[in-house]
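K.L.:
mind folding the following:
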Amino acid sequence: MGQVHIAITRQVKPGNEAVFEKALRAFARDSLNEPGMTGVHLISPVPGSEGAEYGILRSFDNEAASRAFYESHLFQNWQQQVAPYVIGPPVYRRLHGLEAFFRNSRLPMPPRWKMAVVTWLGVFPTAVLWSTVLPKALDGLHTLVIMAIVNIFVVVTLAWGVMPMLTRFLARWLHANRSQALDQSSQVAEEKP
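P.N.:
Residues are numbered from 1 along each chain as shown. Sure, this is the predicted structure:
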């Protein structure tokens, strides 16, 4: 069935950011060895931004591992531990594919065509680089083995380097029309009596 990626956001009460962040880091570290857990990424609010929304992106081997973790005593204890520091319940969102790179907690998802353009901008040079460099170093191996290794390097480079960099660099363009629409709708809402 494939990996499962879950994003959870928590809004932290003003003045509780430091204690929440410390508890969050300890919880993330303690949860890494849970069965079926394949990764945890923490997203802190941008310094100087309004609000204190924290994100937790978790990856699991499969749906059963995800369900077991969120029903575990470890997770339930975490919920109780941070209840005094947060506003409201957690917001869960299942992520599919590369959309995890394009998520912005304050804005709607960009249009698919923009996500496709940015993905291509990341994939093309990364694939050219590794498919040029690695086959020379792996000379003598079977073609399928070389292709598999090239693809591993491409995916790792995209996931931890290129895509986070591109989505930050192109964030204004990715969300341009949607952020303007949000600004206009919030101005209209403020003008209403």
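
K.L.:
list the buried ones in stretch 124-144?
P.N.:
By neighbour count on 16 or more other CB atoms under 10 Å, the buried set for stretch 124-144 is 126-127, 130, 134. Any C-beta I mention is one placed from the backbone N, CA and C, and that applies to glycine too.

K.L.:
helices - which of these land there?
P.N.:
Within the buried residues of stretch 124-144, residues falling in helices by DSSP state H are 126-127, 130, 134.

K.L.:
could you list the domains of the protein?
P.N.:
Split into domains by automatic domain parsing, the chain comes to 4-96, 112-191.

K.L.:
helix or strand right after the one helix or strand V123 maps to?
P.N.:
According to DSSP states H and E, V123 maps onto helix 112-137. Using DSSP H and E, the next helix or strand after helix 112-137 towards the C-terminus is helix 143-157.

K.L.:
what comes up buried for that next one?
P.N.:
146, 149-150, 153-154, 157.

K.L.:
nearest to V91, of those residues?
P.N.:
The closest of the buried residues of helix 143-157 to V91 turns out to be T157 (CB to CB; 30.6 Å).

K.L.:
the closest residue in space to the closest one that isn't next to it in sequence: what's it in contact with?
P.N.:
Closest residue to T157 in three dimensions, ignoring its sequence neighbours and counting by CB to CB, 6 or more residues apart in numbering: T126, at 5.0 Å. The contact partners of T126, taken as CB atoms under 8 Å, 6 or more residues apart in numbering, are 154, 157-158, 162.

K.L.:
nearest to V82 among those?
P.N.:
Once CB to CB is applied, the member of the contacts of T126 that ends up nearest V82 is L158, at 32.4 Å.

K.L.:
mind listing what that closest one touches?
P.N.:
122-123, 126.

K.L.:
swap in V4?
P.N.:
Neighbours of V4 in contact, by CB under 8 Å, 6+ apart: 59-63, 65-66, 94.

K.L.:
would you turn those into TSV with pLDDT, neighbour count and distance to R29?
P.N.:
What follows is the contacts of V4, written out as TSV (pLDDT from 0 to 100; neighbours: other CB atoms under 10 Å; distance: CB to CB, whole Å):
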residue	pLDDT	neighbour count	distance to R29
S59	82	18	16
F60	86	22	17
D61	84	15	20
N62	86	14	23
E63	89	14	24
A65	92	19	18
S66	92	20	19
R94	80	10	24
